[in-house]
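> I would like to see how this sequence folds:
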Amino acid sequence: MSAKMSKKELESPDVFQSSLERFSDYIRENKTRSVTILTAFVLAMLIAFGIYLYWNNYQASAIALYARAQDDLSGKKELSPSAEQKIKIFKELIEKYPHSWSARMARYRLGNAYFDLGQVELAIDYYKDFVSSSSSDNAGVRFLALTSLGYCYEKKKDWKNALAYFEEAQKSNSTGFESIALRNIARIYEEQNDKKKALEYYQNALEKTTDPAMTIFIKRKISVLS
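Here you go, the predicted structure:
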């Protein structure tokens, strides 16, 4: 004789079948709404995938253009783009891909190119563009841009602005560049004939210096100022 089924066991199939029937009824009654929701979901996924592909292609194209302006990796100097060619390529990059990482770096490289050509005002403009477009500084490039701005103003003998940018650079992520940052500040104080401040920063720079030749140079500076 078979065991008697419990009330719960007898009800379970009915509960499952009833739930399935209710779900089927809902789908039939809301067919248009269900199709609309499914269509919207599929469309959203397609749009998201399209944006992902577009952004990847956008960044890849920007990087490829940025690489064209780099020095030839074979080491053959005659194959390297000239300063004028680099400037043209970097400007094209900024125009075509303004929101890419490569465009931000192109602004910094344009600053370097114009500084090397002695066009300080243009160098200042591009360095400032880079600094304003760069919030993080994991690689220390922001430090280099701020320092370069200091060099630009130092070249113009604008000691006030030169000092301001060297100090800002020193306060940024200057890991590995501490001695350079401190020496730059010391040099500007020296130019302003503030021997006390210059001596203070040269002494601080000496503590951060590991290069033997630079250690000798700074010690001589300290000796003269003392």
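> what about the strands in the protein?
Assigned by DSSP state E, the chain shows no strands.
> quick one, domains of the chain?
Per automatic domain parsing, the structural domains of the chain span 55-71+80-135, 137-226.
> is it possible to export these to a markdown table including mean pLDDT, distance to Val42 and mean neighbour count?
No exception for glycine: its C-beta is placed from N, CA and C like everyone else's. Conversion of the domains of the chain to a markdown table gives the following (pLDDT from 0 to 100; distance: least, Cβ to Cβ, whole Å; neighbours: other Cβ atoms under 10 Å):
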| stretch | mean pLDDT | distance to Val42 | mean neighbour count |
| --- | --- | --- | --- |
| domain 55-71+80-135 | 83 | 21 | 17 |
| domain 137-226 | 90 | 38 | 17 |
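> now render the ones you listed as TSV, adding distance to Met45.
Output for the domains of the chain, formatted as TSV (distance: least, Cβ to Cβ, whole Å):
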stretch	distance to Met45
domain 55-71+80-135	16
domain 137-226	33
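> which among those is found nearest to Thr39?
Among these, the nearest to Thr39 by Cβ to Cβ is domain 55-71+80-135 (24.5 Å).
> settle this for me: Asn161 is touching Tyr153, isn't it.
Yes - with contact defined as Cβ atoms under 8 Å, Asn161 reaches Tyr153; the gap is 4.0 Å.
> what sits against Tyr108?
Taking Cβ atoms under 8 Å, 6 or more residues apart in numbering, we find Tyr108 in contact with 126-127, 130, 141, 144-145.
> for those, which one is nearest Gln192?
Distance to Gln192, by Cβ to Cβ, is smallest for Tyr127 among the contacts of Tyr108, at 22.6 Å.
> once you drop chain neighbours, what's closest to that closest one?
Of all residues not flanking Tyr127 in the chain, Gly111 sits nearest, at 3.9 Å (Cβ to Cβ, 6 or more residues apart in numbering).
> how about the one you found, what does it touch?
Taking Cβ under 8 Å, 6+ apart, one finds 123-127, 130, 145, 148 in contact with Gly111.
> cool, and Tyr66?
89-90, 93, 102, 105-106.
> how much space separates it from Arg107?
As judged by Cβ to Cβ, to the nearest Å, Tyr66 and Arg107 stand 11 Å apart.
> which neighbours do these two share?
Common neighbours of Tyr66 and Arg107 (Cβ under 8 Å, 6+ apart) are Phe90.
> report pLDDT for Lys7.
Lys7 is assigned a predicted lDDT (pLDDT) of 51.
> can you check Val15 too?
pLDDT, Val15: 55.
> same thing with the one 5 residues further on?
Looking at Leu20, its pLDDT reads 59.
> offset the numbering so it begins at 8, please.
Sounds good: first residue 8 from here, last item Leu27.
> gap between Gly118 and Ser107?
From Gly118 across to Ser107, the span is 17 Å (Cβ to Cβ).
> ok, now which ones touch Tyr208?
Taking Cβ under 8 Å, 6+ apart, one finds 189-190, 192-193, 196 in contact with Tyr208.
> how does it look with 7 Å?
189, 192-193, 196 (Cβ atoms under 7 Å, 6 or more residues apart in numbering).
> how about Ile94?
Each residue near Ile94 by Cβ under 7 Å, 6+ apart is listed here: 117, 120.
> try Arg190
Taking Cβ under 7 Å, 6+ apart as the test, what Arg190 contacts is Ala212.
> alright, calling it a day.
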